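In: Below is the sequence, then the predicted model.
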Amino acid sequence: MLVTHHRGDVDGRGCGSRASGGFFGEASWHWWSVGNGRVAFWNQRRWLRTSGGGISKTMNWRRLCCCCPCKVQDQISENKSRDFPWEIYTLKEIVHATNNFHNDNKIGEGGFGSVYWGRTTNMVLQIAVKRLKAMSAKAEMEFTVEVEILGRARHKNLLGLRGFYASRDEKLIVYDYMPNHSLTTHLHGQLATDCLLDWSRRMRIAVGSAEGLAYLHHEANPHIIHRDIKASNVLLDENFEAKVADFGFAKLIPDGVTHMTTRVKGTLGYLAPEYAMWGKVSESCDVYSFGILLLEIISAKKPLEKLPTGVKRDIVQWVTPYVQKGAFNRIADPRLKGKFDRAQLKSAVMVALRCTDGKPENRPSMLEVVEWLRGDVERRKEVTNIEHVLEESGHDGTKVLE
């Protein structure tokens, strides 16, 4: 795993630090800047470079400098997609694209750092650049995880990685720019009053997000758990197509492993109970988070709300009494003004309740979720038996959080 980058003083080359653990067990890597910050990888047998959709073999690269021998991973899982170019940017290119990280170009800010809008040198491609704050061990890890995950996972409903730049003093990740911002901006933020998300768009966003997760869980090799599914991590392109983003907390799952125990990451209100309480993480944790997200898309309610009594109620507890009464129309966002498919609404709510089952073994897979959300009338019947779903999931609408 890439952990840090040290610039050398011979022909602009540098030698990276050695790291063990992470995604490849006790594997180690050496990596170098090649000409003004461009990056190459050495895995003992051959050079690798980032191009053409992930880490690809490049047999004719010569070894640029000598280093101490180290144990390295013999087998490297390659991204087989060649449809998404992964550019290798220089610092100069990114500084020029963002107008030297000018404040007018800033489009977001968080605990990790800031995000800037920019244009590439040819003025054709709009990009978003995440500039990380001063590096801590935690920030280094999240940077590494995100680059690693997006370098191997390519899907139309995942935010595209354009490239990155890394030096001792600067860590930058370059993404496709999403002109319609995040889902949370439309549900709760500055665009909420514009009500740009009609029912069909909401369902398309739900299906797209589900398909992105299904790819991570079932097609990516090894499988990937996102661990931070929430509305602010679903971005929208010019056509309001969903792009799942922010893989800083993601985990790769080796073959044959059903779950792991790890330090809890993520956002309160979206966390599966077994993960929040015991740190047990599996694909079903993402399924739970998606169920919360789906209810949020339908209702525009936040995952957690504080009641006048001071206790907190989650969105599932808010929804359940309406489901018990069959009052599904009361769950829909009032800004829709009744303009939604009622059968589709009922089906989506029941899918969400199945996803948020208290027992992880009872939750559906994301492949099943996609089938249900995209399904015809017969498929919807599988998830609209109210009594069965409520009984199986244990949802009674009474639980509150102290």
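Out: Good, I have the coordinates.

In: Could I get the full set of helices for the stretch 101-250 of the chain?
Out: Counting by DSSP state H, counting those that start in this stretch, one finds helices in the stretch 101-250 of the chain at the ranges 137-152, 183-187, 199-218.

In: so which of these comes closest to Pro303?
Out: helix 183-187 (10.6 Å; CB to CB). Heads up, the C-betas are built off the backbone N, CA and C, glycines and all.

In: if you skip the residues just before and after it, what's nearest to Asp333?
Out: Ala300 (4.0 Å; CB to CB, 6 or more residues apart in numbering).

In: Make JSON lines out of the helices of the stretch 101-250 of the chain and add mean neighbour count and distance to His226.
Out: As requested, the helices of the stretch 101-250 of the chain are arranged in JSON lines below (neighbours: other CB atoms under 10 Å; distance: least, CB to CB, whole Å):
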{"stretch": "helix 137-152", "mean neighbour count": "19", "distance to His226": "9"}
{"stretch": "helix 183-187", "mean neighbour count": "22", "distance to His226": "15"}
{"stretch": "helix 199-218", "mean neighbour count": "22", "distance to His226": "6"}
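
In: quick one, which of the ones you listed is nearest to Glu305?
Out: For the helices of the stretch 101-250 of the chain, the distance to Glu305 is smallest for helix 183-187, at 13.5 Å, taking CB to CB.

In: these two touch, right, Thr98 and Val129?
Out: Yes. The pair Thr98 / Val129 is scored as a contact, 5.6 Å apart, by CB atoms under 8 Å.

In: which stretches of the stretch 301-402 of the chain form helices?
Out: Here the stretch 301-402 of the chain has its helices, by DSSP H, counting those that start in this stretch, at 315-325, 342-355, 366-374, 377-381, 386-393.

In: Going by neighbour count, list what's buried in the longest one.
Out: Across helix 342-355, burial judged by 16 or more other CB atoms under 10 Å covers Leu345, Lys346, Ser347, Ala348, Val349, Met350, Val351, Ala352, Leu353, Arg354, Cys355.

In: Just name the closest of those to Gly326, please.
Out: For the buried residues of helix 342-355, the minimum distance to Gly326 (CB to CB) is 8.8 Å, reached by Lys346.

In: Do you know the pLDDT at the closest one?
Out: pLDDT recorded at Lys346 is 96.

In: since we're on the nearest residue to it once chain neighbours are set aside, how many residues are nearby?
Out: Leaving aside its sequence neighbours, Lys346 sits nearest to Phe328 (CB to CB, 6+ apart; 4.8 Å). Neighbour count of Phe328, defined by other CB atoms under 10 Å: 22.

In: how is the protein carved up into domains?
Out: Here the domain parsing of the chain from automatic domain parsing is 91-176, 183-393.

In: Any idea which of these has the lowest pLDDT on average?
Out: Taking the mean pLDDT of those, domain 91-176 comes last: a mean of 87.

In: my read: Cys131 touches Tyr116, true?
Out: Cys isn't right for residue 131; it's Arg. Yes. At 6.5 Å, Arg131 and Tyr116 qualify as touching, with contact defined as CB under 8 Å.

In: Now the common contact residues for these two.
Out: Counting by CB atoms under 8 Å, 6 or more residues apart in numbering, the residues touching both Arg131 and Tyr116 are Phe101.
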